[in-house]
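# show me how the following folds:
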Amino acid sequence: MTNNEKLVRKYAKMFCGSMKKAGRYTPSLYDEYSNLYLDLTGSAEYEEFSKYKTMGIDKVYAAITHAKLCQDKGISLDEARDIWEKYTAKNIRRIFRTVCRVTDILPNGYKIVSGWLYDDAQKRINENCLTYGLLEYTDEKLQYKITRCAYIELFERYGIKEFCKVFCNNDLCIQVMHRKVEFIRHSDLTDGSCCYDEIINLKVKE
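You can find the predicted model right below:
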């Protein structure tokens, strides 16, 4: 079994599991999802955006396939996004929140999470995946404004820009931190002109 076949099976099962929990499952969905995923990942868009290694393009296309197949079934993008948020992303975000809670207990919690986000920003800048209008990192806070995002550009290609918010919302897991860090999201690119976040070092205020 090739790696692509394994991915198709993984994401098709994930999609069907989410649709069952949402009461939207039909027996044909597994094959329909598999065929659509293979079709979309064989596209020129997939080839073009694969150059951005930090995107996790296969996971992004799992979300695009989810949204497009839901649309084909007469399910609105709002409901499709709700299904993704409630069921598909639930376990992944639970793990991330747990990591954030543990990090928040550590004396250097701010340094860990802000350092990770800053290093990630540098990687994305280097491969031109994201464009930052502002990126400032001090002992007091990390703040950034993202003015261009390859994720949004890809979702726009498929006419589902608003569904990209499911990836924007992944970062909101950091909001569980409240001892060493405060995460503030002022805006994101699906709704406004930039994604503007601040990560505040609460230890400095002590």
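
# so how far is residue 43 from the nearest residue to residue 49 once chain neighbours are set aside?
Leaving aside its sequence neighbours, residue 49 sits nearest to residue 154 (CB to CB, 6 or more residues apart in numbering; 5.1 Å). To be clear about C-beta, it is placed using only N, CA and C from the backbone, and glycine gets the same treatment. From residue 154 over to residue 43 the distance is 11 Å, taken as CB to CB, to the nearest Å.

# so which of these two has more stuff around it?
residue 154 (22 against 14; other CB atoms under 10 Å).

# residues making contact with the helix or strand containing that one?
Per DSSP states H and E, residue 154 falls inside helix 150-157. Helix 150-157 is contacted from outside by 45, 49, 52, 55, 60, 64, 128-130, 161, 163-164, 167, 189-190, using CB atoms under 8 Å, 6 or more residues apart in numbering.

# for residue 85, what are its contacts?
Contact analysis of residue 85 by CB under 8 Å, 6+ apart lists 166, 169.

# nearest spatial neighbour of the spatially most central residue of the chain, chain-adjacent residues omitted?
Centroid-nearest residue in the chain, with CA atoms, centre = their mean: residue 167, separated by 2.2 Å. Spatially, and ignoring its direct neighbours in sequence, residue 167 is nearest to residue 151 (5.6 Å; CB to CB, 6+ apart).

# what's the spacing between the one you found and residue 186?
Taking CB to CB, one finds residue 151 at 18 Å from residue 186.

# please apply the same query to residue 173.
With CB to CB as the criterion, residue 173 and residue 186 are 17 Å apart.

# so where do the strands sit in the chain?
Using DSSP state E, the strands found in the chain span residues 130-137, 141-149, 181-187, 195-201.

# can you read off the pLDDT for residue 6?
Turning to residue 6, the model gives it a pLDDT of 88.

# repeat for the one 5 residues further on
Among the per-residue scores, residue 11 holds a pLDDT of 97.

# where does the nearest residue in space to it that is not next to it in sequence land on pLDDT?
With sequence-adjacent residues excluded and distances taken as CB to CB, 6+ apart, residue 11 is closest to residue 62, at 4.2 Å. At residue 62, the pLDDT value in this model is 97.

# going forward, count from 20.
All right, first residue 20 from here; so that's residue 81.

# shouldn't residue 81 be in contact with residue 32?
No. Using CB atoms under 8 Å, residue 81 is not in contact with residue 32, being 11.0 Å away.

# okay, the two: which has more neighbours?
Between residue 81 and residue 32, residue 81 has the larger neighbour count (other CB under 10 Å), namely 24 against 13.

# would you mind measuring from that one to residue 118?
From residue 81 across to residue 118, the span is 22 Å (CB to CB).

# next: residue 74.
Distance of residue 74 to residue 118, given as CB to CB: 21 Å.
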